[in-house]
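no FASTA, just this:
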């Protein structure tokens with residue numbers, strides 16, 4: 001399906017990038033922009049800046065950036081076409097009709113997502129039939145109301161070998177797409193059959209609501225596993241998904257805390273009881289990827305696991321991972337033999353709420369477990385337990401909490417804080433030494449590097465100057481170049497003023513990157529563009545590194561030009577003109593200093609050799625120009 005460029009631009013203009021990103025990343029207002037943890041790397045401090053004015057995002061740590069389409073395709077793993085369709089639907093913009101899914105226009109991932117959605121609809125529809133009455137009775141017995149069943153896409157897989165396969169094939173989905181979605185298996189003779197048969201179905205969604213896979217519970221005793229799940233696939237990785245996060249994310253964001261349970265039924269029961277901020281690890285051990293996903297919405301977790309030994313051990317493992325990711329962690333210990341589902345059914349939501357209120361901090365939980373396991377009864381056991389606790393404390397990213405946490409351990413175990421600090425210092429010293437050793441092993445020395453840029457005394461002055469200038473051109477953008485380019489890219493009429501009244505040309509910039517970006521901006525201006533930034537940002541012909549640099553310039557954190565009054569006429573305001581001229585003067589100063597350094601280098605290396613008079617004359621001219629610029633800047 002070909003969508004006209006003007007329609008794509010209309011969708012972009014009608015979409016709010018802060019709203020879209022804010023659904024997946026916890027954003028906070030900062031000046032005229034928003035900041036949040038970058039979802040494209042393990043971010044501990046908010047490094048991503050989202051600009052509602054420019055409608056772009058940029059991470060100042062990993063460098064990732066783009067417009068609203070970039071975020072939709074890279075974060076949600078949509079194709080560009082899917083991103084346009086999704087945003088158009090939200091904005092109420094009609095698009096041309098699309099072709100059928102299996103026309104070769106969609107890649108394997110696209111087809112897998114579409115197939116999974118069709119399967120979820122099939123399972124949901126089957127739940128309401130005579131064939132699905134056993135599963136519906138099961139859900140109703142658990143207290144799940146119709147709205148919850150619909151919100152979480154619960155369903156039933158018919159007790160048949162090929163019901164789903166036949167239905168999806170009828171709808172036009174290929175066997176390869178159904179297999180990529182993890183919905184079929186093959187017999188020895190190669191004939192495919194449905195993976196899920198005669199089971200209550202729990203659809204698993206990503207944070208944007210797309211179906212990734214399924215959990216399935218058996219409805220009758222047939223010797224098969226009680227629960228089975230979708231396999232690892234093109235779109236599903238259970239270690240990176242939290243069940244119910246799509247349905248819970250708004251509540252988690254507003255309450256700034258999440259309730260983490262183990263299974264699907266636990267999460268659903270708590271949602272039904274009013275705890276809308278509940279998610280599940282889907283019966284798997286909690287992973288770092290899952291915690292980083294949750295980190296975008298809150299910084300506090302209540303970990304609720306079964307009260308048996310397996311549940312306690314699972315809570316302990318999850319606790320330490322969560323601590324490392326910077327979460328405030330509380331452990332909810334339910335009575336023996338209870339899980340969240342059974343407890344709420346027996347005792348009600350208010351009783352569970354009391355358990356949340358009285359939940360243990362991670363230190364109190366660890367100490368209680370150690371007491372239960374008799375680890376504190378002997379001197380050697382107590383010493384080992386203390387070292388374990390101090391190691392956990394050392395993993396807390398906020399070092400300001402360490403002293404407070406060690407004071408609590410000292411009080412609980414009747415130890416002196418001095419003893420704990422000694423152990424803490426020993427562990428910290430050992431960790432630093434280990435890190436230093438690893439870093440030294442990684443370092444390599446290039447014996448040729450030392451001489452790679454040397455020049456001989458026989459080189460002429462022109463070669464020396466040229467070599468020096470070439471080295472400088474490979475440097476990152478200068479601060480004053482960023483300032484000028486930012487004005488040129490984002491302030492209306494500024495670029496026209498620069499080229500027509502200040503006679504600025506790309507060759508005036510010092511670095512090659514700045515020269516290239518300014519030339520691109522000039523080309524856009526000459527092509528009739530009025531919004532230079534968005535014109536460049538929408539061009540697919542521009543190199544990715546240049547696009548990232550353009551966004552970095554436009555969304556600079558310090559953003560001094562945001563204080564300037566927007567231009568109302570073709571000539572910028574007096575204040576903006578001074579900033580422009582000062583920055584251009586500083587760029588000229590840099591060029592002068594480079595050339596002067598090159599000449600002086602030539603003079604040092606040419607001892608005993610007569611220098612051309614023009615070099616000395618040129619040096620005097622540059623010195624005079626530098627003084628004049630300095631005087632002008634100081635006025």
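Arrived safely, thanks for sending. Remember, it's a predicted structure, so these values are computed and weren't measured experimentally.

number of nearby residues for residue 547?
A total of 20 residues lie near residue 547 under the criterion other Cβ atoms under 10 Å. Placement of C-beta: from N, CA and C, glycine included.

Pull the contacting residues for the closest residue to it other than its chain neighbours.
Leaving aside its chain neighbours, residue 547 sits nearest to residue 537 (6.8 Å; criterion: Cβ to Cβ, 6 or more residues apart in numbering). With contacts defined as Cβ atoms under 8 Å, 6 or more residues apart in numbering, residue 537 is in contact with 56, 67, 547, 550, 551.

Who wins on neighbours among the residues you listed?
When neighbours are counted by other Cβ under 10 Å, residue 551 leads the contacts of residue 537 with 26 neighbours.

Relative to residue 544, how far out is that residue?
In this view, residue 551 and residue 544 are 11 Å apart by Cβ to Cβ, to the nearest Å.

what's the answer for residue 276, then?
40 Å.

Which one of the two is surrounded by more residues?
Ranked by neighbour count (other Cβ under 10 Å), residue 276 and residue 544 place residue 276 first, with 18 against 9.

and the more buried one, backbone torsions?
Torsion angles at residue 276 (phi, psi; degrees, to the nearest 10) stand at phi -70, psi -10.

how many neighbours does residue 119 have?
Count around residue 119 with other Cβ under 10 Å applied: 28.

Doesn't it belong to a strand?
No. Under DSSP: H, G, I helix; E, B strand; the rest coil, residue 119 sits outside any strand and is assigned helix.

isn't there a strand covering residue 279?
Yes. Judged by three-state DSSP, residue 279 forms part of a strand.

Pretty sure it sits against residue 293.
No. Residue 279 is beyond contact range of residue 293, at 9.6 Å (criterion: Cβ atoms under 8 Å).

With neighbour numbers in mind, choose between these two.
residue 279 (27 against 19).

Can you tell me how far that one is from residue 70?
Per Cβ to Cβ, residue 279 is found 27 Å from residue 70.

same deal with residue 278?
Counting by Cβ to Cβ - residue 278 and residue 70 are separated by 32 Å.

mind listing the helices for the stretch 351-500 of the chain?
362-372, 379-394, 402-413, 417-442, 461-473, 479-490, 494-500 (DSSP state H, counting those that start in this stretch).

Actually, the stretch 51-200 of the chain.
Using DSSP H, counting those that start in this stretch, helices in the stretch 51-200 of the chain cover 68-75, 80-91, 108-127, 133-141, 146-151, 163-170, 175-180.

for the ones you listed, which one ends up most surrounded?
Ranked by mean neighbour count under mean count of other Cβ atoms under 10 Å, these are led by helix 108-127, which reaches a mean of 21.

Now do it and helix 80-91, the angle between them.
Put simply, helix 108-127 runs at 50 degrees to helix 80-91, going by axes from the mean of the first three to the mean of the last three Cα atoms, to 10 degrees.

elements contacting helix 108-127?
helix 133-141, strand 154-157, helix 163-170, helix 175-180, strand 199-205, strand 211-218 (3 or more Cβ pairs under 8 Å, 6 or more residues apart in numbering; DSSP states H and E).

Below-threshold pLDDT in the stretch 51-200 of the chain: ranges please.
The stretch 51-200 of the chain contains residues with pLDDT under 70 at 92, 94, 96-107.

Figure out which of the helices of the stretch 51-200 of the chain is closest to residue 199.
Taking Cβ to Cβ, helix 133-141 is the member of the helices of the stretch 51-200 of the chain nearest to residue 199, at 7.7 Å.

Can you check what angle separates that closest one from strand 211-218?
Using the same axes, to 10 degrees: helix 133-141 against strand 211-218 is 90 degrees.

Which helix or strand in this protein has the lowest average pLDDT?
Ranked by mean pLDDT, DSSP states H and E, the weakest helix or strand in the chain is helix 461-473, scoring a mean of 43.

Right, I'll call it a day here.
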